[in-house]
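Engineer: quick one, structure for this:
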Amino acid sequence: MKSGEQERNGIKNKLIKTKNTMKSLKEKYQHLIGKKVRIIHLSGEDHRYDGKEGIVERIDDMGDLHGTWDFWQLFQKKIVGE
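Structural biologist: Okay, here's the model as predicted:
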């Protein structure tokens, strides 16, 4: 059984990993701001956005892309494929 300190350290390490992953996603997609992209498929969404094109407006601190997709605002969770 883990001690309370070991458990807290484990949680702290997971939070640090999550923060680093989000920062890395934001940096990875930073070059897309202002560019026209086509959505292949959004993980966790239905297919209504598949094939839509639009301009990436910003990337939030969670690494999600925000933009206008065929004149609809969309809060993107993930792109599957690039």
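Engineer: what helix or strand is E27 on?
Structural biologist: Under the criterion of DSSP states H and E, E27 resides in helix 4-29.
Engineer: what is the helix or strand just after that helix packed up against?
Structural biologist: Later in the chain than helix 4-29, the nearest helix or strand by DSSP H and E is strand 36-38. Contact here means 3 or more CB pairs under 8 Å, 6 or more residues apart in numbering; DSSP states H and E; on that basis strand 36-38 packs against strand 53-59. Bear in mind the C-beta positions are built from the backbone N, C-alpha and C, glycine included.
Engineer: buried residues, the strand it packs on. List them.
Structural biologist: Going by neighbour count (16 or more other CB atoms under 10 Å), the buried part of strand 53-59 is 54, 56, 59.
Engineer: quickly list what the last one is bridged to.
Structural biologist: Residues in a beta bridge with I59, per DSSP bridges, are L65.
Engineer: offset the numbering so it begins at 5, please.
Structural biologist: OK, 5 is where the count begins now, so the last one is I63.
Engineer: wait, doesn't it sit right on K27?
Structural biologist: No - in terms of CB atoms under 8 Å, I63 does not count as a neighbour of K27; the distance is 10.7 Å.
Engineer: low-confidence ranges in the protein?
Structural biologist: 5-6, 74-86 (pLDDT under 70).
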